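**Q** turn this into a model:
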Amino acid sequence: MAITAALHGRTRMFTRRNRLRCESRRLPTILAAIFTVVLGGYFTSAANAQVPLTYNARPPVVKPKKPVNAGKDGQMLVQAAEMNYDYNNNRIAAVGSVQIYWNGSTLEADKVIYDQKTKRLHAEGNVRLTDADGKITYANLLDLSDDYRDGFVDSLRLDTADSTRMAATRADRTNGDVTVFQNGVYTACAACRDNPKKPPLWQVKAARIIHNQTEKMLYFENASIEFFGQPIAYLPYFSTPDPTVKRKSGILTPNYMSNTFTGVGAEIPYYFALAPDYDLTLTPRVTSRQGLLMQGEFRQRLINGAYEIRGYGINQADPGAFAGLPGDKTWRGGIDSKGQFALNDKWVWGWDAVAVSDIAFFRDYNLGPYRNALSSFLLVPDTGLSQLYLTGVGNRSYFDARVMHFLGYSGADVQSQIPDVHPVIDYSNIMGWNVFGGEVSYKGNFTSLSRGTADFDAINNNASINGLCTATSADPMARMPANCLLRGAPGDYTRLSGEVQWRRSFTDPYGQIFTPFASLRADLISADILAQPGVANFIPTGTEQVARVMPTVGLEYRYPFINVQPWGSTTVEPIAQIIIRPNETNAGRLPNEDAQSLTFDDSNLFRVDKFAGWDRVEGGGRANVGVQATTQFDRGGFINVLFGQSYQLFGLNSYAVTDPTNTGIGSGLATPRSDYVGRISYQPNSTFNFSTRVRLDEATMAVRRFEAEAKANFDRFSVSLLYGNYDAQPELGYLSRREGILGTASFKVAQNWVISGGARYDLTNEKINQYIIGAGYVDDCFIFALNYITDYAYVTSTSLTPVTDHRVMLQLGLRTIGGTSFSQSAGTSQ
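**A** Numbers count the residues shown, from 1 in each chain. Predicted structure coming up:
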């Protein structure tokens, strides 16, 4: 009865030996006060990143067993060793292993006291508060008013669900919306297992952290960043949004840069959270030599997608710094944008767009694709791509349509030689039902493009100085390899192609596998080739419409022999293909845009058409034969061997026809009997992997192409080595034999430390022409990487040939706070 009176008669109760269960309206309010005061003490960056505050690690705490259904449905469950009521002072106390459960949250302490006179809740001794979201707060003492407007917490420690940690010697709450944390500390690093009291790898300390819930802001006074307990940076004051704010206007991380042409520069981005679904970032960059560069980025997320637009502009103070270069002008600028939207669960459409005042603008100011120092050096393409696309993916089908414009960034690019694609469309589908018991599939391609001027590629020293290439004859059947290749024909080129395929497999009682197949391909081609100097030596100029049909029938035969032994099994499988079809029409007399690459090896020995694209089609009768053997070991591992050859049976050999790009010439397929191709793959276990690939001359058995690769992956290190030996291909511009070794290795020095490196050694010229050496540290809260790289690059927009660029790259990252990267050229060499 006394306890009921203490709760103002609002509580129904029953007692047992060590349990008091209350259905209370007052205590839930009090408990909510605890959550409000102690869970607001970590912070987020201005534009989305959470940025907490740290403490020295706590000792492990054993979590008590929670009663089934405890604290659900708004009811509170209180467990304690004893319940005491002080009639004189109107206090109720739960003493000894106190546990209070309410709405998925738990309060634990040695003692909890509620003072009815002062209307305050007091918890002391090993206070532990776990909320429904997984945040855990530790304290030695907690004191709150029952309306939770005022109170304090001593020796506060907080663990959040995202593994961030905070501590403070004291937290005081006033006016119901302002909480002041004294001597606050934050880290996103886990405590050291061997020594929990050891300072984390990094932490942020502040003399005072002020949380204003009305403004939803955190203010830090006398803050410092420490590594291994040693301060390395000091900030007298800064502010940031609190965790409830996902986006908030404010200053983002400043950036610094140095450049010969622009001088020393610094930029301070300012983020505007305009609305929940869109924002704006303005970034002024001040440079010592060129003045103010203004940057802006607008982003918006819609219900089915998102897009962003970035703009840049500068009125250069010293254009003469770029004398003789594209940047020698007063006004420079650019814009780029991208977006993607889902039409439904199978279809998306989007765009990429870029436009600049000159091709060197992005490179000179490290903008656009060159902004990320670590990725731009290795991953930036030679051209900027603007495209509009539509893509659909079904269970058995695929569709893709794109309109594309390419912008050349290097000095070797001539913009008028780069085609505009309007459009390219691909479609493929595998039918879900059989026809004559076999699988039917079909695919198609539509390509339309335009090019202003011819794109010639000199392949020997006989090309004329003025860039006009000549050949011995315009007839590809009689013409010898030219001094140049015509990589791209000037004018307009449009092609519509489609192909239907059917195949079915039969297995007879002896285990022989017969797979008949048939296909029908048709092309409609319209070409309007400009009569520019030298073009007529490769293909006919003028307007031409061509229809091309290629019917194909064939049979594939396999007869696997299996031998089983106690140590494993071996399968030997002879394979043969017979392909019958007519000659390729207009072979070598049409532009070749998408089928310029051809490498004959084990991977395409049994491919019906070995051309890589649609512009060329293989014709004539052909037989592909070979044998494959595979041994599987019962204890793991395997060996696979393949060896074979291809034969031109009758008709025109498409690979012997000289087209504008010499595709097929010197490939090993141009003779009636092709070169031999083979491979050997051996993997004894999950640690080692060995493979070799070879192409041997069909007449002399001379090595035309050879690759050998070895890989090993151990517990703490991995290594790979690739040796390549490639014959001269003067028809493609490779005038001498090429031979080299490429090696890579990485070693895990410690749990979080890794060193790695790679090098490419040119055996022909006896020099290392590319290498990378790096060291990195990665753990749950910190990233550090330092690399020294040499590679081929166009260091300026006027460089006609690449040089060897030496570069140092540094990357730093603090989880939840942010990161930065830096790239600096260490010089160039030939």
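
**Q** hey, let's count contacts and neighbours off CA atoms from now on
**A** Fine.

**Q** now the residue lying farthest from the centre of the chain: which helix or strand?
**A** What lies farthest from the middle of the chain is N88; by CA atoms, centre = their mean that is 69.1 Å. Remark: N88 resides in no helix or strand, with elements defined by DSSP states H and E.

**Q** so how far is V348 from it?
**A** Counting by CA to CA, to the nearest Å, the gap from N88 to V348 is 74 Å.

**Q** ok but S736 is inside a helix, no?
**A** No. Secondary structure of S736 (DSSP: H, G, I helix; E, B strand; the rest coil): coil, not part of a helix.

**Q** need the contact list for it.
**A** Contacts for S736 (CA atoms under 8 Å, 6 or more residues apart in numbering) come out as 727-730.

**Q** show the model's pLDDT score for it.
**A** S736 is assigned a predicted lDDT (pLDDT) of 90.

**Q** equivalent analysis for E499, please.
**A** Value for E499, per-residue pLDDT: 98.

**Q** once you drop chain neighbours, what's closest to it?
**A** R521 (4.2 Å; CA to CA, 6 or more residues apart in numbering).

**Q** my read: that neighbour touches W502, true?
**A** No. Counting by CA atoms under 8 Å, R521 sits too far from W502 to count as a contact (12.0 Å).

**Q** pLDDT weak spots in the stretch 401-550 of the chain?
**A** Residues of the stretch 401-550 of the chain that meet the criterion pLDDT under 70 lie in 461-482.

**Q** run through the helices of this protein in chain order.
**A** Remark: helices assigned in the chain by DSSP state H are 2-6, 26-38, 361-364, 373-379.

**Q** least confident of the ones you listed, on average?
**A** Averaging pLDDT over each of these singles out helix 2-6 as the lowest, with a mean of 30.

**Q** on that earlier part again, which residues touch the residue nearest to E499?
**A** Neighbouring residues of R521 by CA under 8 Å, 6+ apart: 497-500, 549-551.

**Q** cutoff 10 Å now
**A** Contact partners of R521, counting by CA atoms under 10 Å, 6 or more residues apart in numbering, are 442-444, 497-501, 548-552, 617.

**Q** same check, this time on V617
**A** 521, 523, 548-550, 583-585, 587, 595, 609-611, 654-655.

**Q** where does the prediction get shaky in the stretch 151-300 of the chain?
**A** For the stretch 151-300 of the chain, the stretches flagged by pLDDT under 70 are 151, 162, 243-244.

**Q** the closest residue to V703 other than its chain neighbours and A702, how far apart?
**A** Counting by CA to CA, 6+ apart, V703 lies nearest to L696, which is 4.7 Å off, once chain neighbours are set aside. Using CA to CA, L696 is found at 5 Å from A702.

**Q** spit out the contact partners of A547.
**A** Applying CA under 10 Å, 6+ apart, the residues near A547 are 495-497, 522-526, 585-586.

**Q** mind listing what's buried in stretch 384-395?
**A** Buried residues in stretch 384-395, counting neighbours by 16 or more other CA atoms under 10 Å, are found at 384-392.

**Q** can I get it in PDB? Just the C-alpha atoms.
**A** Written as PDB, here are the backbone C-alpha positions of stretch 384-395 (Å, rounded to 0.1, in the frame of the first residue of the first chain):
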ATOM      1  CA  GLY A 384      35.200  12.100 -71.900                       C
ATOM      2  CA  LEU A 385      32.000  10.300 -72.600                       C
ATOM      3  CA  SER A 386      28.600  12.000 -73.000                       C
ATOM      4  CA  GLN A 387      25.700   9.500 -73.500                       C
ATOM      5  CA  LEU A 388      22.000   9.000 -73.200                       C
ATOM      6  CA  TYR A 389      21.100   5.300 -72.600                       C
ATOM      7  CA  LEU A 390      18.200   2.900 -72.000                       C
ATOM      8  CA  THR A 391      18.900  -0.500 -70.600                       C
ATOM      9  CA  GLY A 392      16.500  -3.500 -69.900                       C
ATOM     10  CA  VAL A 393      17.400  -6.800 -68.400                       C
ATOM     11  CA  GLY A 394      15.000  -9.800 -68.300                       C
ATOM     12  CA  ASN A 395      15.300 -13.400 -67.200                       C
END
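
**Q** from the chain's centroid, how far away is that stretch?
**A** In terms of CA atoms, centre = their mean, to the nearest Å, the centre of stretch 384-395 is found 18 Å from the chain centre.

**Q** can you start the count at 50 instead of 1 from here on
**A** Happy to do that; since the first residue is 50 now, the last one works out to stretch 433-444.

**Q** mean confidence for that stretch?
**A** The average pLDDT for stretch 433-444 rounds to 94.

**Q** what's the answer for stretch 130-144, then?
**A** What stretch 130-144 shows for mean pLDDT is 84.

**Q** re earlier: any of the contacts of R570 buried? List them.
**A** For the contacts of R570, buried by 16+ other CA under 10 Å: 491-493, 546-550, 598-601, 666.

**Q** now N483: closest residue in space that isn't a chain neighbour?
**A** Closest to N483 by CA to CA, 6+ apart is V489, at 6.7 Å.

**Q** ok, A761 next?
**A** Excluding the flanking residues, the one nearest A761 by CA to CA, 6+ apart is F737, at 4.6 Å.

**Q** tell me the spacing between that neighbour and Y731.
**A** Distance of F737 to Y731, computed by CA to CA: 8 Å.

**Q** overlap in contacts, the two.
**A** Common neighbours of F737 and Y731 (criterion: CA under 10 Å, 6+ apart): 686, 759.

**Q** rewinding a little: of the contacts of V666, closest to Y356?
**A** Comparing the contacts of V666 against Y356 with CA to CA places A644 closest, at 34.1 Å.

**Q** and the closest one, how many neighbours does it have?
**A** Using other CA atoms under 10 Å, A644 is surrounded by 18 other residues.
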